[in-house]
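Colleague: here is my input; please provide its structure:
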Amino acid sequence: MKTVLITGANRSIGFETARQLLQQGYYVYLGCRDGQKGQEAVKQLQSEGLKQVEPVEIDVDDPASIKAARYTLGQKTGVLDVLINNAGISGGSPQHGFDADLSVFRGVFTTNFFGVIAMTQAFIDLLRQSPEPRIVNVTSGLGSLTLQNDPSWKHYTVKPASYVASKAALNAYTIVMAYNLRDTRFKINVVDPCYTATDFNNHSGPGTVPDAAARIVKAATFDAAGPTGQFFSDDNAPETGISPW
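Modeller: Residues are numbered from 1 along each chain as shown. Below you'll find the model as predicted:
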């Protein structure tokens, strides 16, 4: 049975991603900052007959929490097949590049960028034990530097400074990871769940949570012939699904 750890998984897209992977037979470690909320999320899934799930308390902003989660998971399994770095924050709005407080940038980067690095480094040893290891970094279509600089792009005017910068940095880090492990069995990609109606955006997005989660699940379950080092976004590239960086 394949195993997956998902951060920020007690609600919204992360929670639905867990549900869909459980339906495909994965054993899910449901990562969340609040242990109580994690327990409640697990109970909800188990009430749906999805029993192969348990919570893992983890705060990607806190190195000690990540270390503790790695120890906890290591007591349960010697192999991790999939790591989905889903936890993220927006930093609020507005975020003008010249007057947004530096603390906002630091906070957003700590979660969206440095948290991903810390998680990947902490769990890479367990991933290396998998015959088909997968890492999915959840990004945003707004992280495309090519499109952010294109006045004809439909989201051209949407530029929350710290959020855009953090996702562009995440995309760059993913390219590096995929290159570093290019001659291995790893598949490492970024996925844009697309503009989805969630608490994250006050439910302003037109997309649905199940559709958003399905995009993440697709990359998490690539077979040996699947791509690596790609930026998937149905929103940015509806015909090919591969976004320009």
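Colleague: need the contact list for the closest residue to residue 34 other than its chain neighbours.
Modeller: If you skip the residues right next to it in sequence, residue 34 has residue 10 as its closest partner in space, 7.1 Å away by Cβ to Cβ, 6 or more residues apart in numbering. (C-beta placed from N, C-alpha, C; glycine too.) Counting by Cβ atoms under 8 Å, 6 or more residues apart in numbering, residue 10 touches 30, 32, 34, 37-38, 40-41, 55.
Colleague: residue 61 is in what secondary structure piece?
Modeller: Assigned by DSSP states H and E, residue 61 falls within no helix or strand.
Colleague: if you could redo that for residue 107, that was the one I meant.
Modeller: Assigned by DSSP H and E, residue 107 belongs to helix 102-109.
Colleague: swap in residue 29?
Modeller: In the assignment (DSSP H and E), residue 29 maps to strand 27-32.
Colleague: distance between that strand and the chain's centre?
Modeller: Chain-centre distance of strand 27-32: 13 Å, with Cα atoms, centre = their mean, to the nearest Å.
Colleague: what strands line up against that strand, and which way round?
Modeller: Strands that pair with strand 27-32, judged by DSSP bridges, come out as strand 3-6 (parallel), strand 53-57 (parallel).
Colleague: ok, back up a step: how about the helix holding residue 107: buried residues?
Modeller: For helix 102-109, the neighbour count (16 or more other Cβ atoms under 10 Å) marks 104-105, 107-109 as buried.
Colleague: repeat that for stretch 127-138.
Modeller: Buried-residue list, stretch 127-138, by 16+ other Cβ under 10 Å: 127, 130, 133-138.
Colleague: after the longest helix along the chain comes which helix or strand?
Modeller: Scanning the chain for the longest helix, with DSSP state H as the assignment, gives helix 161-180. Of the helices and strands lying after helix 161-180 in sequence (DSSP H and E), the nearest is strand 187-191.
Colleague: which residues make contact with stretch 155-174 from outside it?
Modeller: Contacts of stretch 155-174 (Cβ under 8 Å, 6+ apart): 90-91, 93-97, 100, 104-105, 107-109, 111-113, 116-117, 137, 139-145, 147-148, 150, 188-190, 229, 231, 245.
Colleague: let me know the average pLDDT across the longest helix of the chain.
Modeller: Model confidence over helix 161-180, given as mean pLDDT, is 98.
Colleague: okay, it in PDB with CA atoms only?
Modeller: Written as PDB, here are the backbone C-alpha positions of helix 161-180 (Å, rounded to 0.1, in the frame of the first residue of the first chain):
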ATOM      1  CA  ALA A 161       3.500  41.000  -4.100                       C
ATOM      2  CA  SER A 162       4.600  38.500  -1.400                       C
ATOM      3  CA  TYR A 163       2.300  35.700  -2.600                       C
ATOM      4  CA  VAL A 164       3.400  36.000  -6.200                       C
ATOM      5  CA  ALA A 165       7.100  36.200  -5.200                       C
ATOM      6  CA  SER A 166       6.800  33.200  -2.900                       C
ATOM      7  CA  LYS A 167       5.200  31.000  -5.500                       C
ATOM      8  CA  ALA A 168       7.700  32.000  -8.200                       C
ATOM      9  CA  ALA A 169      10.400  31.000  -5.700                       C
ATOM     10  CA  LEU A 170       8.700  27.700  -5.100                       C
ATOM     11  CA  ASN A 171       8.600  27.100  -8.800                       C
ATOM     12  CA  ALA A 172      12.300  27.800  -9.100                       C
ATOM     13  CA  TYR A 173      13.100  25.500  -6.200                       C
ATOM     14  CA  THR A 174      11.000  22.700  -7.800                       C
ATOM     15  CA  ILE A 175      13.000  23.000 -11.000                       C
ATOM     16  CA  VAL A 176      16.200  22.600  -9.000                       C
ATOM     17  CA  MET A 177      14.900  19.600  -7.100                       C
ATOM     18  CA  ALA A 178      13.800  17.900 -10.400                       C
ATOM     19  CA  TYR A 179      17.200  18.500 -11.900                       C
ATOM     20  CA  ASN A 180      19.100  17.300  -8.900                       C
END
